[in-house]
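S.K.: next input, structure requested:
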Amino acid sequence: MFSKKILWGSLIALVLLTGTSAVTLAQMPAHSSEQTSQFQSIEQPLSLKVGVAIAGLALIGLELWWFLVYKSPES
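M.R.: Take a look at the predicted model:
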């Protein structure tokens with residue numbers, strides 16, 4: 001099916017492509033009429049954003065490993 005070399009290469013490429021240093025932040029324009037809306041933007045610390053991204057990538061890697069690489073012990 002897939003060799004380990006191809007799997008690891010794909011995972012590394014995915015990390016490199018998604019982990020670019022150019023971060024784009026989408027911000028809502030600050031109008032006085034929109035400031036009274038129900039939802040407000042909450043700025044999260046960069047360390048939290050990075051931690052959540054790393055945890056997500058680790059879970060994706062774990063799923064790929066489970067379904068593509070892991071071989072259950074034969075009974």
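
S.K.: on the three-state scheme, the residue nearest the centre of the chain is what?
M.R.: In the chain, the centroid-proximal residue (C-alpha atoms, centre = their mean) is residue 53; its distance is 3.9 Å. Of the three states, residue 53 takes helix under DSSP: H, G, I helix; E, B strand; the rest coil.

S.K.: now residue 42
M.R.: Reduced to three states by three-state DSSP, residue 42 is coil.

S.K.: how about low-confidence regions in the protein?
M.R.: Applying pLDDT under 70 to the chain flags residues 1-2, 19-37, 75.

S.K.: backbone dihedrals for residue 45, both of them.
M.R.: phi -70, psi 150 (degrees, to the nearest 10).

S.K.: and the gap between it and residue 55?
M.R.: 15 Å (C-beta to C-beta, to the nearest Å). Glycine gets a C-beta too; all of them are placed from N, C-alpha and C.

S.K.: strands along this structure, start to end?
M.R.: Under the criterion DSSP state E, the chain carries no strands.

S.K.: what segments of it are helices?
M.R.: Secondary structure of the chain by DSSP state H: the helices cover 4-18, 46-64.

S.K.: out of those helices, which is closest to residue 74?
M.R.: For these, distance to residue 74 was read as C-beta to C-beta. The smallest value, 20.3 Å, belongs to helix 4-18.

S.K.: contacts for that closest one?
M.R.: Residues outside helix 4-18 that contact it (C-beta atoms under 8 Å, 6 or more residues apart in numbering) are 53, 57, 61, 64, 68, 69.
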